[in-house]
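[1] got a predicted structure here, sequence first:
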Amino acid sequence: MTTIYCTFGAESLPPTAHQLLGEALHPRHELLFAEHAGWSNLSSGPADPRMTSADIVFGQPDPLALSGTLVRWVQLTSAGYARYEPAEILESLARSGIRVTTSSSVYADPCAEHLLAMILTLSRRLHVLRDDQRERAWHAHRRRAESTLLARQCVLLLGYGAIAQRLRALLSAFDTECIVVRRRARGDEGLEVVEATDGPGLQMALGKADHLVSTLPGGNDTAGFMNAERFEAMKSGARFYNVGRGSTVDQEALRQALLVRLDAAYLDVTDPEPLPPDHPLWSTPRCFITPHTAGGRDTERLELVRHFIANLGRFTRGEELLDRVL
């Protein structure tokens with residue numbers, strides 16, 4: 001018998017997802033749900049002694065609670081896995097032989113489309129035109145002159161995981177130039193790669209970018225990556241977008257950059273979340289905020305279950321798992 005423990009309650013899944021699970025699970029699979037009904041990708045599920053005897057965990061288990069258990073594989077319901085990145089946790093999981101996979105493939109399309117929507121909105125000045133409509137103002141000549149095309153513009157991608165790769169594919173239809181910033185080049189990117197270290201390469205890329213898109217995950221290595229110095233290196237009139245984690249940005253430095261240098265910023269993630277009502281970013285000119293909705297879609301949880309089922313089949317057959325990070 002293979003036991004699968006879900007860190008969320010059964011009520012968290014739509015009926016179609018329950019049906020898919022029922023069809024996919026072998027009679028020798030035992031499926032256990034957490035007793036609470038909550039669902040969160042931003043925090044670990046509460047302790048449950050039933051998890052320690054499970055073979056597979058689906059959801060958001062506390063990585064510290066996995067040590068000494070029978071768990072062989074963890075399927076996270078998020079694209080990020082910052083809680084699993086500290087060296088002591090990675091070493092503990094490796095010693096225990098626990099494999100960890102994310103759901104980054106599930107979030108690639110919605111996040112990339114959300115980013116593209118905002119890039120096009122700012123380029124075609126749709127946000128300004130919306131305000132004009134509210135005021136019943138007809139500024140035809142001015143708005144035409146302010147509108148830009150993506151053709152021959154430069155998009156700098158901070159991080160090159162599933163979301164950034166999908167965005168690059170979408171941008172290929174607009175004849176944009178894309179440059180990637182990552183820890184180290186792998187050689188299979190198919191475009192210019194700049195290493196994420198302070199130096200002339202990164203400085204030049206920041207100064208060249210018309211659009212700077214961050215999909216960086218949270219963690220000690222990325223905390224405050226976009227600081228005052230890097231915002232100052234950006235060209236005047238550039239735009240900044242973040243769908244990674246709010247902790248990767250010095251938000252006060254971003255605010256100052258918006259006041260003197262940047263044309264606009266779009267943030268789907270902030271630090272903290274939710275952003276307090278009195279936070280200055282809410283009222284900062286040309287700062288557009290959405291409440292961590294970029295990865296959303298009407299079938300989000302159904303797609304997470306489909307992804308899990310696909311990986312479960314691979315796990316059962318001894319094949320390489322999708323979106324594996326450990």
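    Perfect, I can see it now. Numbering: from 1, shown residues only.
[2] C-alpha from now on. contacts and neighbour counts both.
    Noted.
[3] give me the element R136 is part of.
    Element membership for R136, per DSSP states H and E: none, as it lies in no helix or strand.
[4] burial measure for it, as a count.
    When neighbours are defined as other Cα atoms under 10 Å, R136 has 10 of them.
[5] for S44, see how far away the nearest residue to L90 once chain neighbours are set aside is.
    The spatial neighbour of L90 that comes closest, neighbours along the chain excluded (Cα to Cα, 6 or more residues apart in numbering), is Y84 at 6.4 Å. Using Cα to Cα, to the nearest Å, one gets 11 Å for the distance from Y84 to S44.
[6] how about A164, what does it touch?
    Taking Cα atoms under 8 Å, 6 or more residues apart in numbering, we find A164 in contact with 108, 112, 157, 215.
[7] any idea which helix or strand comes after the helix or strand where it lies?
    Under the criterion of DSSP H and E, A164 resides in helix 162-171. Taking DSSP H and E as the definition, the helix or strand that follows helix 162-171 towards the C-terminus is strand 177-182.
[8] give me the mean pLDDT for that next one.
    Per-residue confidence for strand 177-182 averages out to 97 on the pLDDT scale.
[9] who are the packing partners of it?
    Helices and strands touching strand 177-182, by 3 or more Cα pairs under 8 Å, 6 or more residues apart in numbering; DSSP states H and E, are strand 154-158, strand 193-195.
[10] only alpha carbons, please: show the longest one as CSV.
    Taking Å, rounded to 0.1, in the frame of the first residue of the first chain, the C-alpha atoms of strand 154-158 are listed here in CSV:
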residue,chain,number,x,y,z
CYS,A,154,15.0,44.8,-24.9
VAL,A,155,13.5,42.6,-22.2
LEU,A,156,15.8,41.5,-19.4
LEU,A,157,14.7,38.4,-17.6
LEU,A,158,15.9,37.9,-14.0
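[11] which helices and strands sit right next to that strand?
    Checking 3+ Cα pairs under 8 Å, 6+ apart, strand 154-158 ends up next to strand 177-182, helix 200-208, strand 211-214.
[12] including mean neighbour count, could these go into a markdown table?
    Output for the helices and strands packed on strand 154-158, formatted as a markdown table (neighbours: other Cα atoms under 10 Å):
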| stretch | mean neighbour count |
| --- | --- |
| strand 177-182 | 22 |
| helix 200-208 | 17 |
| strand 211-214 | 24 |
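[13] would you mark the buried spots in the helix holding A164?
    For helix 162-171, the neighbour count (16 or more other Cα atoms under 10 Å) marks 162-168, 171 as buried.
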